[in-house]
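A.B. asks: Sequence first, then the predicted structure, then my questions.
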Amino acid sequence: MSRLDAAPAARAMFTLDPTRTYPVLDRADGIHVWDRDGRQYLDAIAGIAVANVGYGRQEVVDAIAAQAARLPYAVGNIFASEPALALADEIARVTPGDLDHVIFTSGGSEAVEVALKMARQFHVLRGEPDRSVFVSRWTNYHGATLGGLTVGGSKLRRRVYEPLLPATPHVRTPYCYRCPWPDSHPDCGPAAAAEVEAAIVEAGPSRVAAVIGEPIVASVGGAIRPPDDYWPRVREICDRHGVLLIIDEVVTGFGRTGRTFAVDHWGIVPDLIVMGKGMSGGYAPLGAVAARAHVRAAFEERGAAFEHIFTFGGHPVSAAAGLAVLAIWERERLTERAAALEGPFTAALDRLREHPFVGDVRVSGLMAGIEFVADRATKAPFEPAMKVGTRVREAGLRNGIVTYPGSGMADGTRGDIINLYPPLIVTEADIAEMSERLETTFTEVEAELARSG
Ligand SMILES: Cc1ncc(COP(=O)(O)O)c(C=O)c1O
């Protein structure tokens, strides 16, 4: 038996979950991936919200090969490279307002770190060194680094690593299905925004550097969209207190929710936008932060360098991949496509509400969350030991569909969802196929749950 044929568990790689056997992916094309045993899966999560332009796009492959042959690397504190400069120009063109200054990373977590550090240095440069507090939100995810986890709000992902970095105040996220402000629901936008302001006031407004949040919560919440007046109010509160607003569009950016950026739904311009994932279509690791003109000016006016460097930030090959992917995204009008398919996607997923364990179906563009409950009337979640989200993922794989579970959204530890982020190139027929495979998957899981009592 060759080493390639050995079971992954017998190999050297530190797989994340030692109790699980990982299917070994071998190839991909369009919206499908195949494992080395030839089994095909419909990739309903686009890798993990990365393969927005689909797999097997030869022009991206060619751009990567050409760049690797010409110039594979340039260190960011000595050199720039043409693909990185060109990609920054492209991003500046499509971001809202004056978010015209772009710095690159290898992924979303690194980009969150950059945003936090940039916000901090911005205030230090402007003579407000006490501004070191970040106000963040429960049920939001901002990456896997200690900084990202500290401002992140997934209790499950944080708990092993607590006490984390110096405590940051967390506020509740507007979440209509389980509204934290039932007395004001559905007009809870003002109450939710007031909680952000209360956290700033309690920390001491002159001590707060930034508020950070996902505009529409992705993987740890399942497409949780706030009331329309929430983010505009938070923007106004931040302005009033001299606090920067960092919006994490790692999942939602570049068309996923039917707008170029999710903040475009409400016409707000954050001070820093964090991005990653779909920007390079999964063809190369890439993240970025776009900063507004006044943030850049704080550095330029004082002749101060940003005290930061990642070895692979601005990697020419990743930038070339990003340029090729954004060219496809624009030419094929994938944002408009996500907006147009929101209706058919919603209709296809709404069918699944017939399953008694489906509590809620949430859709924004081509991003969806399906929340499972033990009791629809009371919205009581399943016990975590039942691993409902994981069961759905595993049954989905058996039925040839890839989904992404999340948990903890009901009370921090309980509550199960699956996320769907199909490639933005999907057709209505693909959506119907997804819904069929989910239908079979849900029927199987409900039977399993009934058997396990
Ligand atoms: C909203 C959000 N921010 C940040 C990240 C971290 O990105 P990465 O995994 O590329 O480091 C993720 C990853 O899922 C994310 O969903």
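C.D. replies: All right, it came through fine. Numbers count the residues shown, from 1 in each chain.
A.B. asks: neighbouring contacts of stretch 43-54?
C.D. replies: 28, 30-33, 55, 60, 218-219, 251, 254-256, 277-278, 280-282, 325, 328-329, 332, 334, 367, 396, 401-404, 419-425, 434, 438 (Cβ atoms under 8 Å, 6 or more residues apart in numbering). All C-beta atoms are positioned from the backbone trio N, CA, C, and that covers glycine.
A.B. asks: Show me which residues of the stretch 251-400 of the chain sit near the ligand.
C.D. replies: Val251, Gly276 (Cβ under 6 Å from any ligand atom).
A.B. asks: From the contacts of stretch 43-54, list just the buried residues.
C.D. replies: 28, 30-33, 55, 60, 218-219, 251, 254-256, 277-278, 280-282, 325, 328-329, 334, 367, 396, 401-404, 419-425, 434, 438 (16 or more other Cβ atoms under 10 Å).
A.B. asks: and stretch 190-202, C-alpha only, in PDB?
C.D. replies: What follows is stretch 190-202, C-alpha atoms only, in PDB (Å, rounded to 0.1, in the frame of the first residue of the first chain):
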ATOM      1  CA  PRO A 190     -32.900  51.300  18.200                       C
ATOM      2  CA  ALA A 191     -32.800  49.100  21.300                       C
ATOM      3  CA  ALA A 192     -30.000  47.000  19.800                       C
ATOM      4  CA  ALA A 193     -28.000  50.100  18.800                       C
ATOM      5  CA  ALA A 194     -28.600  51.600  22.200                       C
ATOM      6  CA  GLU A 195     -26.900  48.600  23.700                       C
ATOM      7  CA  VAL A 196     -23.800  49.400  21.600                       C
ATOM      8  CA  GLU A 197     -23.800  53.000  22.900                       C
ATOM      9  CA  ALA A 198     -24.300  51.800  26.500                       C
ATOM     10  CA  ALA A 199     -21.200  49.600  26.200                       C
ATOM     11  CA  ILE A 200     -19.200  52.600  24.900                       C
ATOM     12  CA  VAL A 201     -20.400  54.800  27.700                       C
ATOM     13  CA  GLU A 202     -19.700  52.200  30.300                       C
END
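A.B. asks: per-residue confidence averaged over it?
C.D. replies: Across stretch 190-202, pLDDT averages out at 97.
A.B. asks: which parts of that stretch are buried?
C.D. replies: Ala191, Ala192, Ala193, Ala194, Glu195, Val196, Glu197, Ala199, Ile200.
A.B. asks: is it true that the first one touches Cys179?
C.D. replies: No: the criterion here is Cβ atoms under 8 Å, and Ala191 misses it with Cys179 at 9.3 Å.
A.B. asks: Get me the contact residues on the stretch 1-150 of the chain for the ligand.
C.D. replies: Gly107, Gly108, Ser109, Val112, Tyr141, His142, Gly143, Ala144.
A.B. asks: Contact partners for the second one?
C.D. replies: It stands for Gly108. Contacts of Gly108 by Cβ under 8 Å, 6+ apart are Gly143, Asp248, Val250, Val274, Met275, Gly276, Lys277, Gly287.
A.B. asks: before we move on, what SS does Thr307 have?
C.D. replies: One correction, residue 307 is Glu, not Thr. Recorded secondary structure, Glu307: coil (DSSP: H, G, I helix; E, B strand; the rest coil).
A.B. asks: list the contacts for the residue in the stretch 151-300 of the chain that the ligand sits nearest to?
C.D. replies: Residue nearest to the ligand within the stretch 151-300 of the chain: Val250 (3.5 Å; Cβ to the nearest ligand atom). By Cβ under 8 Å, 6+ apart, the contact set of Val250 is Gly108, Ala111, Val112, Gly143, Ala218, Val274, Met275, Gly276, Lys277, Gly287.
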